[in-house]
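In: Predicted model and sequence below, questions to follow.
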Amino acid sequence: GINAEYGKQWYQRRVRDTNYFTKFNLSSPASHSTMTSLNPVQILRQGAEEEKAEHARMSSFIGAIAIGDLVKSTMGPKGMDKILVSMGNDGYPGEIQVTNDGATILRSIGVDNPAAKVLVNISKVQDDMVGDGTTSVTVLAAELLREAESLVHKKLHPQTIIAGYRAAAKVALQVLTDTAIDNGKDAEAFKKDLMNIARTTLSSKILNQHKEHFAELAVNAVLRLKGNNDLELIQILKKTGGSIEDSYLDEGFLMEKEIGHNQPKRIENARILVANTPMDTDKIKIFGSKVKVDSTAKIAEIELAEKNKMKSKVEKILNHDITCFINRQLIYDYPDQLFADAGVMAIEHADFDGIERLSKVLGAEIVSTFDQPEKVVLGSCKVIEEVIIGEDKLIKFSGVKKGEACTVVLRGATKMIVDESERSLHDALCVLTQTVKETRTVFGGGCSEMRMARHIDELAARTPGKEAMAIESFARALRQIPTIIADNGGYDSSQLVTELRAMHSEDQVYSGLNMFAGETGDMRELESQNLSPSSTPLLTAPPRPQK
């Protein structure tokens, strides 16, 4: 019918075109099309590579599992540190870091594998949201992918594996929610929980040998916030020298600057103006222009005009009725002298991060113009004075408007020790502020993981079909957490984990690992606690809506 007629017309047209090109000795489109069809069609841009099917999956599995294997040796109270050496511009070793913080390690290494980058991003999100557990989420994700690799090898479809994992994650979250302990309404018990959480966080850090001291320091700093989760109110100041035990919590705010010459070194009931304005116009700066004068007196007139301009600016600042002036930028000699003559303390070149925090602590606004004093919000504090820590002079602001503000002064023998102490303490502070927001806690030491794994195994026994295999794999991945913790301590992980599994099957639900004795124990007696389930993004991601 129609197809036969169309084919006949197409054939006649092709013959006519071929005769025409042959008559005039031209190459026909047919030859071009034949040659074109033999050449590969370039769809991707030049140099792009494409991986499909099994190769793509294998590449993702290998990259993600390698990241998990990289950081799992740092997990737990017996985890080991890693030495990170950056390369300098000349090819020689550059800065050296000694750390066991998962986020710091993963942030410092270069990763090209896409799946590995996803795990690095998981660690960063955990660090931003909670502050600790960066190694745990990375290792757990890697173990889940390791189990998924074996399931794919057994010809399970990825969607089947995902469905099983989602069902298992839902049960795991429910178990954590049901077993969580909430002491938020009991101040004394809640402070005890905070101390336990701080000890648990610090037990895997460099501060492990001094965790009692730093746990109390971190808890006191967080409780001063009175429910405010703004960590900018807690300043961490690093000073080399002395021992780690010399670190202390100072009420108020410390700034690493010096007071100007011939200015008061102590002020009570201070009224403070915080500004970000240039104070160097006492020098001639006419860029892109030439000034011709016929005598040195003319130059003196220009300098005098500049001085008068600066004097007028200082007078506008002094009209705010202040006793202390803090500027983000430099304050040169002439305006510094004018402030000294007026009996006003002037502090110059306060770094931007510091001045932002200082303005918040003092209750002041950062200003750049001074024509309307009545609209400027000044800061206040009871005492400003110069103090000495180690060999350095600092300025201390006591009795600040934000009374919860404080400063933690960290001491240590070397810069590497102080830097790692800062990272460890920052993790503890982040975890504690999250606990103040979400007061539920669960037991650690592998207790919660084994409890979740038991209920997930029960779910697998009730689930028909291939999804049960994925659910069982999820439980095996959870049991890898206590296994790795025991391995890092040099203990027999097979013996300990099987003992834990038997205990939990007999409803000894508080059993966990005692890493100090290398045996199982009751976590209620060991007081090992971790964060609440709501702070674990891997288990609390909302399920996708059903279509």
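Out: Structure's in. What do you need? Residues are numbered from 1 along each chain as shown.

In: Strands along the stretch 351-500 of the chain, start to end?
Out: 366-367, 379-389, 392-400, 406-412, 440-443 (DSSP state E, counting those that start in this stretch).

In: in the stretch 251-400 of the chain, which ranges drop under the pLDDT threshold?
Out: 281-289, 352-353 (pLDDT under 70).

In: next one: the chain
Out: 1-42, 53, 89-91, 281-289, 352-353, 527-547.

In: one step back: now the strands of the stretch 351-500 of the chain as CSV including mean neighbour count?
Out: C-beta here means a position set from N, CA and C on the backbone, and glycine is covered the same way. Formatted as CSV, the strands of the stretch 351-500 of the chain follow (neighbours: other Cβ atoms under 10 Å):
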stretch, mean neighbour count
strand 366-367, 20
strand 379-389, 18
strand 392-400, 19
strand 406-412, 22
strand 440-443, 22
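
In: could the ones you listed be laid out in TSV, adding distance to residue 464?
Out: Below are the strands of the stretch 351-500 of the chain laid out as TSV (distance: least, Cβ to Cβ, whole Å):
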stretch	distance to residue 464
strand 366-367	65
strand 379-389	67
strand 392-400	64
strand 406-412	56
strand 440-443	31
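
In: Those: which one's closest to residue 221?
Out: Nearest of these to residue 221, taken as Cβ to Cβ: strand 406-412 at 5.5 Å.

In: List the neighbours of the closest one that are in contact with it.
Out: 217, 221, 224, 233-244, 246-254, 389-390, 418, 421-422, 425 (Cβ atoms under 8 Å, 6 or more residues apart in numbering).

In: give the contact list for residue 490.
Out: Residue 490 sits in contact with residue 78, where contact means Cβ under 8 Å, 6+ apart.

In: Then residue 433?
Out: 131, 222, 225, 229, 231.

In: can you pull the contacts of the third one?
Out: What that stands for is residue 225. 233-234, 404, 433, 436.

In: what secondary structure does residue 274 sit in?
Out: Look at residue 274: counting by DSSP: H, G, I helix; E, B strand; the rest coil, its state is strand.

In: So it is in contact with residue 368, correct?
Out: No - using Cβ atoms under 8 Å, residue 274 makes no contact with residue 368, being 10.7 Å away.

In: what's the most distant pair in the contacts of residue 433?
Out: Using Cβ to Cβ, the contacts of residue 433 reach their maximum pairwise distance at 131 and 225, which is 14.6 Å.

In: re earlier: out of the contacts of residue 433, who has the most neighbours?
Out: Within these, residue 222 tops the neighbour count with 27 neighbours, counted by other Cβ atoms under 10 Å.

In: Contacts for stretch 453-465 next, please.
Out: 164, 167-168, 171-172, 175, 468-469, 471-472, 474-476, 478-479, 501, 504-505.

In: 7 Å - rerun?
Out: 167-168, 171-172, 175, 468, 471-472, 474-475, 478-479, 504-505 (Cβ atoms under 7 Å, 6 or more residues apart in numbering).

In: same check, this time on stretch 259-275
Out: With Cβ under 7 Å, 6+ apart as the criterion, stretch 259-275 contacts 317, 320-328, 336, 339-340, 343, 345-347, 355, 358-359, 362, 364, 366-368, 378-386, 395.

In: try stretch 194-211
Out: Here stretch 194-211 has contacts from 76-77, 79, 100, 132, 214-215, 218-219, 244-245, 417, 420-421, 424, 427-428, 431-432, 435, 441, 444, 527-531, using Cβ under 7 Å, 6+ apart.

In: Of the contacts of stretch 453-465, keep whichever come out buried.
Out: With neighbours counted by 16 or more other Cβ atoms under 10 Å, those contain buried members at 167-168, 171-172, 175, 468, 471-472, 474-475, 478-479, 504.

In: Next step: the residues you listed restricted to helices.
Out: The members of the buried ones among the contacts of stretch 453-465 that map onto helices under DSSP state H are 167-168, 171-172, 175, 468, 471-472, 474-475, 478-479, 504.

In: Share the number of residues neighbouring residue 340, please.
Out: Using other Cβ under 10 Å, residue 340 is surrounded by 16 other residues.

In: oh, I was asking about residue 69
Out: With neighbours defined by other Cβ under 10 Å, the count for residue 69 comes to 12.

In: so the closest residue to it other than its chain neighbours is in which element?
Out: Nearest residue to residue 69, sequence neighbours excluded (Cβ to Cβ, 6 or more residues apart in numbering): residue 142, at 7.2 Å. Element membership for residue 142, per DSSP states H and E: helix 134-153.

In: I'd like the buried ones among the contacts of stretch 453-465 as a markdown table, with distance to residue 266 appended.
Out: Below are the buried ones among the contacts of stretch 453-465 laid out as a markdown table (distance: Cβ to Cβ, whole Å):
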| residue | distance to residue 266 |
| --- | --- |
| 167 | 66 |
| 168 | 63 |
| 171 | 63 |
| 172 | 58 |
| 175 | 58 |
| 468 | 73 |
| 471 | 68 |
| 472 | 69 |
| 474 | 63 |
| 475 | 64 |
| 478 | 59 |
| 479 | 61 |
| 504 | 62 |
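
In: mind listing what residue 64 touches?
Out: 115-116, 119, 142, 145.

In: ok so, going back, now, of the contacts of residue 225, which are buried?
Out: 233-234, 404, 433, 436.

In: I'd like those laid out as TSV, including distance to residue 299.
Out: Converted to TSV, those look like this (distance: Cβ to Cβ, whole Å):
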residue	distance to residue 299
233	50
234	52
404	54
433	58
436	63
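
In: For residue 301, state which of those is nearest.
Out: residue 233 (50.1 Å).

In: that older thread, tell me the one of the ones in helices among the buried ones among the contacts of stretch 453-465 nearest residue 52?
Out: When those are compared against residue 52 (criterion: Cβ to Cβ), the nearest one is residue 474, at 27.6 Å.

In: Once you drop chain neighbours, what's closest to the closest one?
Out: Using Cβ to Cβ, 6+ apart, the closest residue to residue 474 is residue 168 (3.6 Å).

In: same thing with residue 390?
Out: Counting by Cβ to Cβ, 6+ apart, the residue nearest residue 390 is residue 241, at 4.4 Å.

In: does the one you found have beta-bridge partners, and which?
Out: Following DSSP bridges, residue 241 is listed with bridge partners residue 412.

In: Number of residues surrounding residue 158?
Out: 12.

In: And it, how far from residue 75?
Out: Per Cβ to Cβ, to the nearest Å, residue 158 is found 28 Å from residue 75.

In: follow-up on the earlier one: from the contacts of residue 433, which ones fall inside strands?
Out: With strands defined by DSSP state E, no entry of the contacts of residue 433 lies inside them.
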